[in-house]
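Visitor: when you get a sec, could you give me coordinates for this:
(2 chains)
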Amino acid sequence: MRKMGGVVKLLPFTYAMMFIGSLALIGFPFLTGFYSKDVILEVAYAKYTIGGNFAYWLGVLSALFTSYYSFRLLFLTFLGPVNSFKANLKDVHEAPQLMAWPLIILAFGSIFVGYMAKDMMIGLGTPFWNNALFILPVNTIVLESEYIPQSIKFIPIVFSVLGALFALNINIVGSSFAYMMKTSFIGRKLYIFLNKRWLFDKVYNDYIASKALSFGYHTSFKTLDKGFIEIIGPAGIMEICTQTMRQVSRLQSGYIYHYAFLMLCGVGVCIILVSFWDIVSPWVDPRIYGIFVLSFIFFNHARKTS
Amino acid sequence: MPFLSFLLLFPLVGALVIACIPSWKVRAIKTIALCTSLINFIVACGLWLVFDNSTAKFQFVEHIGWLPFFNMNAYIGIDGISLFFIVLTTFLVPVCLLVGWVNISKHIKEYCLAFLVLETCMLAVFCMLDLLLFYVFFESVLLPMFLIIGVWGSRARKIRAAYQFFLYTLIGSVLMLLAILLIYFQVGTTDLQVLLVSEFSERRQLLLWLAFFASFAVKVPMVPLHIWLPEAHVEAPTAGSVILAGILLKLGTYGFLRFSIPLFPEASLYFTPLIYTMSIIGIVYASLTTLRQIDLKKIIAYSSVAHMGFVTIGLFSLNVQGVEGAILLMLSHGFVASALFLCIGTLYDRTHTRLIQYYGGLVHVMPLFSFFFLVFTMGNLSLPGTSSFVGEFLILVGTFQTNTWIATLAATGMILGGAYSIWLYNRVVFGNLKPLYISMGSDVNRREFWIFVPFVLAILWMGFYPQVFLDPMHVSVSNVIQHGAYIS
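Guide: Okay, here's the model as predicted:
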């Protein structure tokens, strides 16, 4: 937008549609937005509680800002001084028919649908939607909102006009002053803060998103999936099996006297266990065999890797 | 009417016919295989049409004597739960054969044989009403899959992936065999219809449930035991991934639903917190891991882990909504994940790479493909209007009634699902073309178009009018979970 300006002469239809739309958006009296926005604000005030008042004033403030940016858009793009090169302005053309007709229909809707359809939606209740929008008779706040002080009722439209005037002053009339404000130290800080969406993205990215993404790769994929789970799963079991088999196959030394010695020891142990079982049995717990096997596996594994 | 034995044996007949045709008659082999599987699909749809929605009894029951002296007979029958898995299986096998129509150049005869035999084994798993034979066929699907991954996979890592897939699944199942033997020695038969009315003591139930869990948890897959899945999916050919994601993952959860929950109700209730914990960890873990993957197939593989986490949460909520949602999510995942693998296969056929860094801006050159990919991506992230939404919503409704914390955490898992799906779609389809890496081929051709269309129709039908799919399930699901209802 800062590179556009004065396009109203080239795009009158587009300007008209945008103007109608903006007016409806800011809640201009008796257009469509009025019947939704101002009713909400009035009903909020009519609660006469602190929360209701809070909602009202914040809503009115947001109406001010809405009007400010809508009119800023209109001023900078259409009504302000020209800020672009002629080469760009040469190719500007109106919307094609396919887009123009829906825009016309929507413009008519923005203007008239509010008044025509207001009783269908807001108000004291209607059987129009087969009583889908039902208002309990004890909620008389809709009536109450008709009797709030007249000044309170004027404030939204006053603030909208104020917003438009601010837009005119800051962007068109006093634009050099605004530029000086924006490039001052505190103005720059405020501008960056608001431009970066209250730095929400930074907070979100640094504290949540980057943590989640780093978990997804460093923790869950590398350390757990391809690390821990692989080690207690296939890779680890394969490793232990090959190590153990290598160690066990080294027992086959090929020398007959090795085999004969082992046979002698084995037969000796068997005979002792069988014939002297009553003496030996308190010292033999079958679980010791399991411990022998496991320690053989892991002793060899540790020795190999050390 | 011997519908079910026809359904089971007809692919074997087709396989026999193909086995007798010489290997160079490629056209005849492919046509016969495709016709066999299509006829099977039509028969399965006929089964669906004449299915009686109003009873939970097993329908189309047939009795084939196997070892009558030991009371181990092959009873086959379906009820509301199995019906849709049979339709899904017979739907996916013709698709797999079509996918290999031009891409598989070597051993096309063995390819068709493997898929037809695989079809019989998978259908047998879903119809078998005998515990031991269920186990036999449950393991038998590993054999053709091992061959499919090992022979027609795309890179050298396929051997490792095939071994890992086979051994992981088999080791878990050894415990299940011991449990089946224990059941047989207690009850005297392995017939499911008898087992459903026999009681096990609570301690025994806990042990038996754990043994069954060891087998099913690997197949589902649940998180510490899931690492075979990314390997197997990535290294398998397109059709292999389609069948793996579409059917084989559902075998585990089907086992939970058909055997763990009705036979061991107290144990299911006892172990519900375990399942919930593992599933929630699975959902969050797998979703976060998906976000950081760079290989197209690995993304869909890890997202399958997350979706199956949802399914197990729904199953063990032990109320009708949760279980029906779980079954519907299983069916929907069968369509969506298979379709996504088909999309990736389409891309892989043109460029022979699966790394995302080489893709971008596909919408400019392949707009029709981008449309299909969009529909399936929306299915993956459970957009309302697709079948996954109905499934996940019902699961959340059911789980909320059992345990509100788990439902909340699972709902946050859905957010992550949206994150990785949209990001994947964004990086591949939108953005700038990368002509430095790939010069794109053509848009989807006629064969691929007609493969995608039934998936889109199925996903949208199940999303907008799931009534048709949920009606046969109501009574059967109520029957399955009422065994445990009197406890809670």
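
Visitor: got a list of what residue B:219 touches?
Guide: B:169, B:172, B:248, B:249, B:251, B:252, B:255 (CB atoms under 8 Å, 6 or more residues apart in numbering or on different chains). All C-beta spots, glycine's among them, are computed from the backbone N, C-alpha and C.

Visitor: just those: which are in helices?
Guide: B:169, B:172, B:249, B:251, B:252, B:255 (DSSP state H).

Visitor: so among these, where is pLDDT lowest?
Guide: When these are compared on pLDDT, residue B:172 comes out lowest, with 82.

Visitor: nearest spatial neighbour of residue 104, chain-adjacent residues omitted?
Guide: You didn't pick a chain, so chain A it is. Leaving aside its sequence neighbours, residue A:104 sits nearest to residue A:17 (CB to CB, 6 or more residues apart in numbering or on different chains; 7.7 Å).

Visitor: try again with chain B
Guide: Spatial nearest neighbour of residue B:104, excluding adjacent residues (CB to CB, 6+ apart): residue B:111 at 5.2 Å.

Visitor: for residue B:78, grab phi and psi.
Guide: Here is the backbone geometry of residue B:78 (degrees, to the nearest 10): phi -120, psi 150.

Visitor: residue B:250 and residue B:91: what is the separation?
Guide: Computed with CB to CB, to the nearest Å, the distance linking residue B:250 and residue B:91 is 13 Å.

Visitor: longest strand in chain B, please.
Guide: Using DSSP state E, we find that the single longest strand of chain B is strand B:59-67.

Visitor: for that one, buried residues please.
Guide: Buried residues in strand B:59-67, counted by 16 or more other CB atoms under 10 Å in any protein chain shown: B:59, B:60, B:62.

Visitor: who touches stretch B:56-70?
Guide: With contact meaning CB under 8 Å, 6+ apart, stretch B:56-70 is reached by B:1-5, B:47, B:51-52, B:72-80, B:129-130, B:133, B:193, B:475-476, B:478-479.

Visitor: picking that back up, neighbour count for residue B:250 and residue B:91, which is higher?
Guide: The neighbour count for residue B:250 versus residue B:91, taken as other CB atoms under 10 Å in any protein chain shown, is higher for residue B:250 (27 against 24).

Visitor: residue contacts, the closest residue to the more buried one other than its chain neighbours?
Guide: Excluding the flanking residues, the one nearest residue B:250 by CB to CB, 6+ apart is residue B:330, at 4.9 Å. Applying CB under 8 Å, 6+ apart to residue B:330 gives the contacts B:85, B:250, B:253, B:254, B:311, B:391.

Visitor: what's the answer for residue B:421, then?
Guide: B:303, B:377, B:378, B:380, B:381.

Visitor: can you check residue B:432 too?
Guide: With contact taken as CB under 8 Å, 6+ apart, residue B:432 is in contact with B:360, B:361.

Visitor: how far away is it from chain A?
Guide: Between residue B:432 and chain A the computed distance is 23 Å (CB to the nearest CB, to the nearest Å).

Visitor: SS state for that residue?
Guide: coil (DSSP: H, G, I helix; E, B strand; the rest coil).

Visitor: in terms of helices and strands, where is residue A:87?
Guide: When elements are assigned from DSSP states H and E, residue A:87 belongs to helix A:86-90.

Visitor: over to residue B:160?
Guide: Short version, using DSSP H and E: residue B:160 is in helix B:158-187.

Visitor: could you give me the buried positions within that helix?
Guide: B:158, B:161-169, B:172-173, B:175-176, B:179-180, B:183-184, B:187.

Visitor: cool, and stretch B:271-282?
Guide: Residues of stretch B:271-282 classed as buried: B:271, B:272, B:275, B:276, B:278, B:279, B:280, B:281, B:282 (neighbour count, 16+ other CB under 10 Å).

Visitor: other residues contacting it?
Guide: Counting by CB under 8 Å, 6+ apart, stretch B:271-282 makes contact with B:206, B:209-210, B:213, B:217, B:222-224, B:226, B:305-306, B:308-310, B:312-313, B:315-316, B:318, B:402-403, B:406, B:409-410, B:413, all of which sit outside it.

Visitor: now it: average pLDDT?
Guide: 94.

Visitor: what of stretch B:46-53?
Guide: 91.

Visitor: residue A:9: how many residues sit nearby?
Guide: 10.

Visitor: oh, I was asking about residue B:212
Guide: Residue B:212 has 26 nearby residues by other CB under 10 Å.

Visitor: how about the CA coordinates for the helix or strand harbouring it, as CSV?
Guide: In this assignment (DSSP H and E), residue B:212 forms part of helix B:202-219. Only the C-alpha atoms of helix B:202-219 are listed here, as CSV (Å, rounded to 0.1, in the frame of the first residue of the first chain):
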residue,chain,number,x,y,z
GLU,B,202,-8.4,-63.4,36.5
ARG,B,203,-4.7,-64.3,37.0
ARG,B,204,-4.8,-66.5,34.0
GLN,B,205,-6.5,-63.8,32.0
LEU,B,206,-3.8,-61.3,32.8
LEU,B,207,-1.1,-63.7,31.6
LEU,B,208,-3.0,-64.6,28.4
TRP,B,209,-3.8,-61.0,27.6
LEU,B,210,-0.2,-60.1,28.0
ALA,B,211,0.9,-62.9,25.7
PHE,B,212,-1.7,-61.9,23.0
PHE,B,213,-0.6,-58.3,23.6
ALA,B,214,3.0,-59.1,22.8
SER,B,215,1.9,-60.3,19.3
PHE,B,216,-0.7,-57.7,18.5
ALA,B,217,1.3,-54.8,19.8
VAL,B,218,4.1,-55.4,17.4
LYS,B,219,1.7,-55.6,14.5
